[in-house]
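Visitor: Okay, predicted coordinates and the sequence, questions at the end:
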Amino acid sequence: MARTRTSRRILFLVSAHNSLSQRALIALTELGHRVDVAVVEDAEAMEDAVARHSPDLIACPMLKKLIPESIWSEHRCLIVHPGPVGDRGPSSLDWAIELGAREWGVTVLEANGEYDAGDVLASRTFPMRAAGKGSIYRHEVRRAAIEALVEAVRKVVGDAAPGPSGDVRAVGRARPLMKQDVRAIDWSSDPTDVVVRKIRAAEGHPGVLDSVGGADHHLFGAHCEERLCGTPGEIVAQRDGAICRATVDGAVWITHLRRSGPQDAHFKLPATLALGLAGHRLDAPDVPAPLHHLAGGAQTYREISYEEEAGVGYLQFDFYNGAMSTEQCRRLLDAYLYARSRDTKVIVLTGGRDFFSNGIHLNVIEAAPDPAAESWRNLHAIDDVVREIVETDSHLVVSALRGDAAAGGVPFALAADRVYARRDVVLNPYYRHMGGLYGSEYWTYLLPRRVGDYTAARLTGPPFTPVGTARAVHLGLLDGAFGATVEGFEEQVRLLARRLAAASSFGDQLAAKRRARARDERSKPLAEYRAEEMARTHECFFGPDRSYHEARSRFTRKLGAAEPRSHARLAA
């Protein structure tokens with residue numbers, strides 16, 4: 001992208017280069033700015049990054065530490081705070097959910113010597129949704145933050161005076177760090193809606209500390225259950241790795257646990273696996289959920305569901321944080337084969353609201369007795385799903401990305417015939433930041449098939465740069481990107497899918513798909529791509545170089561990256 005006279009060199013100081021900072025990077029580079037990203041832990045690291053990059057402007061989309069005076073007194077520093085004007089404190093969204101706020105917001109302000117107390121440059125508000133903290137952060141907060149940050153940067157670039165436009169009355173106030181005594185669940189008195197709200201307010205981090213199976217665990221991933229019941233606090237059922245605990249008026253599903261203790265020793269895992277590793281023998285019955293999702297049915301927890309409408313089958317797989325374990329891949333394969341057996345014309349793969357897919361399940365792999373062997377099984381299991389999608393000749397298949405996709409999740413989506421994404425989605429189609437992992441999912445076939453060999457090499461090699469949907473459509477990675485919200489995106493996808501199923505040219509399109517697949521197979525069989533990819537990946541899993549295993553362990557245990565953690569992120 002060409003630089004303009006209003007272009008600036010912007011440095012992001014972040015505690016982690018998360019989905020918000022990646023989306024902010026994309027938005028600002030699309031406006032012509034150069035953005036560098038430095039992951040920093042303390043004031044010294046911030047000062048080093050500023051000295052190294054000599055920025056025109058500093059922005060902090062996600063920074064947990066206070067910027068030292070040596071920086072904010074010499075540079076304009078923009079802080080993105082996930083709360084409305086006047087809100088202050090490190091548990092902003094936690095309090096919003098815990099207190100049942102109907103509306104919340106995002107504020108961009110200039111750094112000074114206090115947390116979240118500088119001059120306000122821009123702000124946005126949004127209605128709250130009944131969801132976990134992480135989901136609200138990835139949707140409402142992210143969308144509002146990007147709009148406010150872009151406005152603030154434009155003001156700074158244009159040398160505007162501090163202060164946002166519009167109504168800037170302070171509607172929030174300073175609140176302390178939310179501690180576990182506030183989050184604690186009283187199973188003898190808290191109804192289901194209170195239990196769910198408390199777990200959702202702690203989603204992502206830190207979780208709600210509670211005793212499960214005789215040991216302290218942090219609880220994550222809450223879903224209401226309307227039919228099961230029992231003694232409050234008792235585990236009354238299990239399903240697909242989740243446990244169901246009775247409340248005073250019903251029950252709640254809890255999908256993930258983290259054993260209390262140091263993060264480097266205990267990390268987040270599916271609930272039944274975490275309890276098994278803690279030595280708890282779970283004797284609650286397995287209560288499966290029907291695959292077919294019926295509108296208006298009782299609330300419950302289901303990872304995979306299927307519905308049909310107007311010749312279209314919709315297969316939704318909502319895996320926590322987009323990670324797909326061996327068992328989840330096998331369940332998804334069974335569900336896909338069922339969808340393909342139906343008398344429909346189009347199959348839509350919707351993934352989850354927050355993530356379409358992030359590939360193999362690194363946490364489950366890390367917890368396995370033999371992580372290399374489990375890595376191998378997991379990758380083969382996801383490859384089996386991708387192969388069946390690619391080889392489908394009875395339907396046209398659509399991937400609908402409501403949420404982000406990364407690593408193996410990107411080629412997984414590209415296995416479909418049409419690929420659409422919500423406009424705000426971020427794609428990370430590379431693996432090698434995970435200790436040089438080569439990866440599979442037939443990416444050496446699926447990426448070049450869409451974008452060519454040269455662009456595929458750029459997307460999967462360093463520097464690892466997140467891809468926004470505008471660029472993805474331009475490259476041919478996506479067929480379209482639309483919808484500001486998940487609901488708007490879903491509505492347009494359903495319209496496209498119905499039109500595709502009803503088109504008079506459907507038979508011709510299906511015939512063309514079969515011819516193209518037969519031509520590609522003659523040129524190079526799918527089995528050959530898989531064998532080559534897995535041979536390269538076998539070295540990562542079982543070879544003498546331990547880089548993948550070390551990177552995976554650091555990732556799952558939140559130890560940070562081993563390599564230098566300051567990277568230039570340039571506009572393409």
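Guide: That came through fine.
Visitor: Skip the chain neighbours and tell me the closest residue to residue 252.
Guide: residue 195 (5.1 Å; C-beta to C-beta, 6 or more residues apart in numbering). Every C-beta, even on glycine, is put in place using the N, C-alpha and C of the backbone.
Visitor: so that neighbour touches residue 225, yeah?
Guide: No: with contact defined as C-beta atoms under 8 Å, residue 195 does not count as touching residue 225 (10.7 Å).
Visitor: which one of the two has more residues nearby?
Guide: Higher neighbour count among residue 195 and residue 225: residue 195, with 28 against 24, using other C-beta atoms under 10 Å.
Visitor: so how far is residue 242 from that one?
Guide: 14 Å (C-beta to C-beta, to the nearest Å).
Visitor: Could you do residue 364 as well?
Guide: Applying C-beta to C-beta to residue 364 and residue 242 gives a distance of 14 Å.
Visitor: Tally up the residues packed near residue 153, please.
Guide: Neighbours around residue 153, by other C-beta under 10 Å: 25.
Visitor: who touches both of residue 364 and residue 242?
Guide: residue 270 (C-beta atoms under 8 Å, 6 or more residues apart in numbering).
Visitor: about what we covered before: which helix or which strand is home to the residue nearest to residue 252?
Guide: Element membership of residue 195, judged by DSSP states H and E, is helix 192-201.
Visitor: contact partners of that helix?
Guide: 93-95, 97-98, 100, 131-133, 178, 183-185, 187, 190, 207-208, 219-225, 247, 249-252, 254.
Visitor: just to revisit the earlier point, intersection of neighbour lists for residue 195 and residue 225?
Guide: With C-beta under 8 Å, 6+ apart, residue 195 and residue 225 have common neighbours residue 252.
Visitor: List the buried residues in the helix holding residue 195.
Guide: Using 16 or more other C-beta atoms under 10 Å as the test for burial, helix 192-201 gives 192, 194, 195, 196, 197, 198, 199, 200, 201.
Visitor: sorry, back to before: could you report the distance from the residue nearest to residue 252 to residue 305?
Guide: For residue 195 relative to residue 305 (C-beta to C-beta), the value is 23 Å.
Visitor: before we move on, what about residue 129?
Guide: 20 Å.
Visitor: what's the answer for residue 397, then?
Guide: Residue 397 is 17 Å from residue 305, by C-beta to C-beta.
Visitor: Now for the nearest residue to residue 390 once chain neighbours are set aside: which residues touch it?
Guide: Spatially, and ignoring its direct neighbours in sequence, residue 390 is nearest to residue 415 (5.0 Å; C-beta to C-beta, 6+ apart). Neighbouring residues of residue 415 by C-beta under 8 Å, 6+ apart: 386, 389, 390, 397, 399, 441, 442, 446.
Visitor: Pull the most distant pair out of these.
Guide: Greatest spatial distance in the contacts of residue 415: 397 and 441, 15.2 Å, computed using C-beta to C-beta.
Visitor: who's more crowded, the two?
Guide: residue 441 (30 against 24).
Visitor: quick one: the more buried one from residue 424, how far?
Guide: To residue 424, residue 441 is 24 Å away according to C-beta to C-beta.
Visitor: One more: residue 276?
Guide: 38 Å.
Visitor: Look at these two and report which has more neighbours.
Guide: For residue 276 and residue 424, the more surrounded residue by other C-beta under 10 Å is residue 424, and the numbers stand at 25 against 15.
Visitor: Quick check: that one touching residue 26?
Guide: No: Residue 424 lies out of contact with residue 26 (C-beta under 8 Å); the separation is 9.6 Å.
Visitor: any common contacting residues for the two?
Guide: In contact with both residue 424 and residue 26: no residue, using C-beta under 8 Å, 6+ apart.
Visitor: what's the closest non-adjacent residue to the residue nearest the centre of the chain?
Guide: Centroid-nearest residue in the chain: residue 355, 4.3 Å away (criterion: C-alpha atoms, centre = their mean). Using C-beta to C-beta, 6+ apart and skipping residues adjacent in sequence, the residue nearest residue 355 is residue 322, 2.8 Å away.
Visitor: Then residue 132?
Guide: residue 203 (3.5 Å).
Visitor: That neighbour: neighbour count?
Guide: 24.
Visitor: pretty sure residue 20 contacts residue 60?
Guide: No: when contacts are counted by C-beta under 8 Å, residue 20 is not listed as touching residue 60 (10.6 Å).
Visitor: Identify the contacts common to those two.
Guide: residue 80.
Visitor: if we can go back for a sec, and the helix holding residue 195, what's its mean pLDDT?
Guide: Summarised as a single mean, pLDDT over helix 192-201 is 98.
Visitor: pull the CA atoms of that helix into CSV?
Guide: Provided in CSV are the C-alpha atoms of helix 192-201 (Å, rounded to 0.1, in the frame of the first residue of the first chain):
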residue,chain,number,x,y,z
THR,A,192,-28.8,-21.1,37.1
ASP,A,193,-28.8,-17.6,35.6
VAL,A,194,-26.6,-16.3,38.4
VAL,A,195,-24.2,-19.3,38.1
VAL,A,196,-24.0,-18.8,34.3
ARG,A,197,-23.5,-15.0,34.6
LYS,A,198,-20.6,-15.5,37.1
ILE,A,199,-18.8,-17.9,35.0
ARG,A,200,-19.3,-15.8,31.9
ALA,A,201,-17.9,-12.7,33.7
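Visitor: Now do it: distance to the chain's middle.
Guide: Centroid separation for helix 192-201 versus its chain: 21 Å, with C-alpha atoms, centre = their mean, to the nearest Å.
Visitor: nearest spatial neighbour of residue 232, skipping sequence neighbours?
Guide: Closest to residue 232 by C-beta to C-beta, 6+ apart is residue 187, at 4.5 Å.
Visitor: sec struct for that neighbour, please.
Guide: Here residue 187 is recorded as coil under DSSP: H, G, I helix; E, B strand; the rest coil.
Visitor: More neighbours: which of residue 129 and residue 305?
Guide: For residue 129 versus residue 305, neighbours defined as other C-beta under 10 Å are more numerous around residue 305 (18 against 13).
Visitor: so which helix or strand takes in the more buried one?
Guide: Going by DSSP H and E, residue 305 is part of strand 304-309.
Visitor: what angle do the next helix or strand after that strand and strand 304-309 make?
Guide: As assigned by DSSP H and E, the chain's next helix or strand after strand 304-309 is strand 312-317. Orientation check (axes from the mean of the first three to the mean of the last three C-alpha atoms, to 10 degrees): strand 312-317 against strand 304-309 gives 160 degrees.
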